[in-house]
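S.K.: give me a 3D structure for the following:
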Amino acid sequence: MNILDSPLTDKAFIGNLIPQKSPFVMVDALHYFSEDKIISGLTINRENLFSENDFFQAPGLIENMAQTIALHKGYDYYLKKLPAPVGYIGAMKKVEIFKLPEVDKQITTTVKILHDIMDVTLVSASIEYEGSVIAQGEMKTALAK
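M.R.: Next up, the predicted model:
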């Protein structure tokens, strides 16, 4: 069940939910949130660290997946009135990049929580651009102690 009435697009609010700070922020919208799923958005600008030759590069797509996981944790902690935690990518598996999106366009990232045990989260992630999946994979993250 989505607890959002409408997407959250306040960049300052989103920025408080994730540990990354400018210029390393790769999410700027929260479209959907539930206990086991999140959908984030990013409007890619030319100044983004991972924009090159008018395209958003593969490392940026992977970082966007990771930050979507961080956004899920951060919003969950926000609802519990706790500060956003810091985490790390522990492993990536089956990551496939099919297409690089253009700058000045939007991507939408869906993360489904497969397992969340003892501060370690395993997810499947997919990124859509102009109606097609352009990247997907599995990622494991761990919260810092």
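S.K.: and the helices in the protein?
M.R.: Using DSSP state H, the helices found in the chain span residues 11-17, 58-79.
S.K.: between these, which one is nearest to residue 29?
M.R.: helix 11-17 (7.0 Å; Cβ to Cβ). No exception for glycine: its C-beta is placed from N, CA and C like everyone else's.
S.K.: gap between the closest one and the chain center?
M.R.: With Cα atoms, centre = their mean, to the nearest Å as the basis, helix 11-17 stands 13 Å off its chain's centre.
S.K.: in CSV, list the helices of the chain along with mean pLDDT, mean neighbour count and distance to residue 24.
M.R.: As requested, those are exported to CSV (pLDDT from 0 to 100; neighbours: other Cβ atoms under 10 Å; distance: least, Cβ to Cβ, whole Å):
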stretch, mean pLDDT, mean neighbour count, distance to residue 24
helix 11-17, 94, 15, 11
helix 58-79, 96, 21, 8
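S.K.: got those as JSON lines, with distance to residue 98 columns?
M.R.: Below are these laid out as JSON lines (distance: least, Cβ to Cβ, whole Å):
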{"stretch": "helix 11-17", "distance to residue 98": "26"}
{"stretch": "helix 58-79", "distance to residue 98": "10"}
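S.K.: between those helices, which one is closest to residue 112.
M.R.: Between these, helix 58-79 lies closest to residue 112; by Cβ to Cβ that is 10.1 Å.
S.K.: from residue 103, how far out is the residue of the chain positioned farthest from its centre?
M.R.: For the chain, the residue at maximal distance from the C-alpha centroid (Cα atoms, centre = their mean) is residue 53, at 22.9 Å. Applying Cβ to Cβ, to the nearest Å, the value for residue 53 to residue 103 is 9 Å.
S.K.: now do the contacts for the residue most central in space within the chain.
M.R.: Per Cα atoms, centre = their mean, the C-alpha nearest to the average position across the chain is that of residue 68, at 1.8 Å. Applying Cβ atoms under 8 Å, 6 or more residues apart in numbering, we find residue 68 in contact with 27, 38, 40, 109, 111, 125.
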